[in-house]
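Enquirer: Next one to model:
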Amino acid sequence: MSALVQREAADIREDWLGVALSTLPADRPAAEAAISGLYRLIGYAPPRFHWVPSPLAAVETVPPGLGPRPAETVERLAEWPVPKLLAALRTALFAELDTQLRRYSGALAQMMHREVRLPLWRTSVGSLFIALRAAHGTPPVAGTGWYTMQCVSQVALYDGVRRAAGAAFTPDQDRRLDLWTTAARSCGLWWPREDVCVISERPVAVHTEVAGEDGEVRLHNEDGPAVRYSDGWDVHVWHGTRVPAWVITDPDVRRIEREGNVEVRRCAIERIGWPSYIERAGLVLLATAPDPGNPGSHLRLYDMRKETRVLLAVNGSVERDGRRRQYGLTVPGRFHDPVAAAGWTYGLSAEQYSQLLRRT
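Expert: Model (predicted):
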């Protein structure tokens, strides 16, 4: 592929990343027209539309006039008939487009898959699905298949090929693809029942950080919510991990000690900073040693309660800000030698770890 096509793929990826993370108000007429067109393709009349300010409101709200339909509660989303039909419609279209691409330019499709679809999919996992899990309260997310269908990555792939290569599809295929593309570009998530479709507005604030060299990003905000909606609902995220608000706003040693979730505890400690946490928690330094896997740095082994210990190390690679991050690893209480503890984290003996040239 030429450098020009590569640059065009990067531009298309950035365009669709903007769509996936948009905080602009929904284009309600465009969204309703596109979704109505999709309903018609599966043999349904256009639904009534019920707009809500956030995914949480969508999950908790029973649309007016829906009536007593237990089969269409959000908890049973996977059983709803309309999402199943729409999913089949989309799958059939994409199978046609894949066939067309193999005839037209398989190499272009592969490049767009690598440069556009995969980064967008990973970004959705690190943003869209985090908010969805928060809205539903507990994983797994009900109706995961339908939510996956609303990820922009697949639509972006075909749209990218079409924009980069010109008229690669038939007019009918373009028409159907346009409906999915417009729906993805015009609003937040939507929940299609037989008579009514609930649509969420987009968030009013989204905070992310770069998570990969190919444009992939993930949610992160060290000063407040990573995602916030107009109704006040928000989600706090630390480097791609959803956390309770206190981890960001008021990390406290006592709360950390009471926290049962290992990942949440790790994020809270990182929010404070490992050296500061060790000092506040009163951890006792047992031993220190030069790090054989990271020349110029030292390993420090601290005693914790509950028969565990903390190994404080320095990252072998440089962060984007030019610094080397300190991080802590919990190790079994049987260790007294920092080098042996470091080796254990890699599945190595102390002697084997000592022979490493450099770790990352």
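Enquirer: list the contacts for the nearest residue to Gln326 once chain neighbours are set aside?
Expert: Counting by Cβ to Cβ, 6 or more residues apart in numbering, Gln326 lies nearest to Trp274, which is 5.2 Å off, once chain neighbours are set aside. Placement of C-beta: from N, CA and C, glycine included. With Cβ atoms under 8 Å, 6 or more residues apart in numbering as the criterion, the residues that contact Trp274 are 312, 326-328.
Enquirer: What about those residues, which are in strands?
Expert: Using DSSP state E, the members of the contacts of Trp274 that fall within strands are 312, 326-328.
Enquirer: Please spell out the ChimeraX selection for the buried subset of the residues you listed.
Expert: Of those, the buried ones go into a single ChimeraX selection, burial set by 16 or more other Cβ atoms under 10 Å:
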select :312,326,328
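Enquirer: any idea how far Ser276 lies from Leu21?
Expert: Ser276 sits 32 Å away from Leu21 when distances are taken as Cβ to Cβ, to the nearest Å.
Enquirer: Compare the two and say which is more crowded by neighbours.
Expert: More neighbours sit around Leu21 than around the other of Ser276 and Leu21, counting by other Cβ atoms under 10 Å; the figures are 20 against 13.
Enquirer: so who does the more buried one touch?
Expert: Residues counted as contacts of Leu21 (Cβ under 8 Å, 6+ apart) are 123, 127, 206, 208, 217.
Enquirer: Tell me the one among these nearest to Thr73.
Expert: If you rank the contacts of Leu21 by distance to Thr73 using Cβ to Cβ, Ser127 comes first, at 26.2 Å.
Enquirer: From Val161, how far out is the closest residue to that closest one other than its chain neighbours?
Expert: With sequence-adjacent residues excluded and distances taken as Cβ to Cβ, 6+ apart, Ser127 is closest to Leu219, at 5.1 Å. Noted for Leu219: a distance of 28 Å to Val161, by Cβ to Cβ.
Enquirer: buried sites along stretch 273-283?
Expert: Taking 16+ other Cβ under 10 Å as the basis for neighbour counts, the residues of stretch 273-283 that come out buried are 274, 277-278, 281, 283.
Enquirer: typo on my end, stretch 175-195
Expert: 176-177, 179-194.
Enquirer: pLDDT on that stretch, on average?
Expert: The average of the pLDDT scores along stretch 175-195 is 96.
Enquirer: Report the secondary structure state of Leu301.
Expert: Three states are possible here, and by DSSP: H, G, I helix; E, B strand; the rest coil the one that applies to Leu301 is strand.
Enquirer: Which residues are in contact with it?
Expert: With contact set as Cβ under 8 Å, 6+ apart, Leu301 has these partners: 285-288, 309-312, 331, 335-338, 341.
Enquirer: now the strands for this structure?
Expert: With DSSP E applied, the chain shows strands at 48-52, 190-192, 196-200, 205-206, 208-210, 217-219, 227-228, 234-238, 241-243, 284-290, 298-303, 308-314, 326-332, listed in chain order.
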